[in-house]
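> sequence first, predicted model second:
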Amino acid sequence: MEIFRAYIEAFLKNHPQIHYKKMDFIVRELAPTSTGLPVELYVFTKTIKWKEYERIQAEIIDHLLAAAAFFDLRLFQEPAGYDFSNALRT
C-alpha cells in the first residue's frame, strides 16, 4: 500500500490542475477497517469552476481505480440489495 500511496502523490503532483505547493496537499491511509484500508486525498484544484472541478475529480478517481490493479490491490464496495438478488439468480 505504501508504494500505491507514493504513486498517488506523484500522480497528483504532476497533474496540471492540482495545487500542491501553496495549498494543503495530503494523501494518507486511514485506520484499517474490516472492509479494507481507506485512502484519503485532501488536495485543491487550480479552478473554482464547479463543473471543471467535478470533471477533474472524476478523472483522478477513475485513474486511481484503474491503477490499483497494477499494485495488486483489489477494490471493495459493500454489496447492496441488487448484488444479493443477482447472486441468488446465478
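Nice, I can see it. Numbers count the residues shown, from 1 in each chain.
> my read is that Asp24 contacts Leu41, right?
No - using Cβ atoms under 8 Å as the test, Asp24 is too far from Leu41 to be in contact (11.0 Å). For the C-beta atoms, the positions are set from N, CA and C on the backbone; glycine is no exception.
> so for these two, which residue has more residues nearby?
Remark: of Asp24 and Leu41, Leu41 carries more neighbours, 16 against 9, as counted by other Cβ atoms under 10 Å.
> the more buried one - that's part of a strand, no?
Yes - Leu41: assigned to a strand according to DSSP: H, G, I helix; E, B strand; the rest coil.
> tell me who's in contact with the nearest residue to it once chain neighbours are set aside.
Leaving out its chain neighbours, the residue that sits closest to Leu41 by Cβ to Cβ, 6 or more residues apart in numbering is Val27, at 5.7 Å. When contacts are counted by Cβ atoms under 8 Å, 6 or more residues apart in numbering, Val27 touches 5, 8-9, 12, 39-43.
> strands paired with the helix or strand hosting Val27, and their directions?
Using DSSP states H and E, Val27 sits in strand 26-29. Looking at strand 26-29 with DSSP bridges, its partner strands are strand 39-42 (antiparallel).
> flag every buried residue along the partner strand.
Going by neighbour count (16 or more other Cβ atoms under 10 Å), the buried part of strand 39-42 is 39, 41.
> related to what we said a few turns ago, buried residues in the strand holding Val27, which are they?
Quick answer for strand 26-29 (16+ other Cβ under 10 Å): Val27.
> and it, C-alpha only, in PDB?
The C-alpha coordinates for strand 26-29 follow below in PDB (Å, rounded to 0.1, in the frame of the first residue of the first chain):
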ATOM      1  CA  ILE A  26      -2.400  15.300   1.900                       C
ATOM      2  CA  VAL A  27      -2.500  11.700   0.700                       C
ATOM      3  CA  ARG A  28      -2.900   9.300   3.700                       C
ATOM      4  CA  GLU A  29      -4.100   6.000   4.800                       C
END
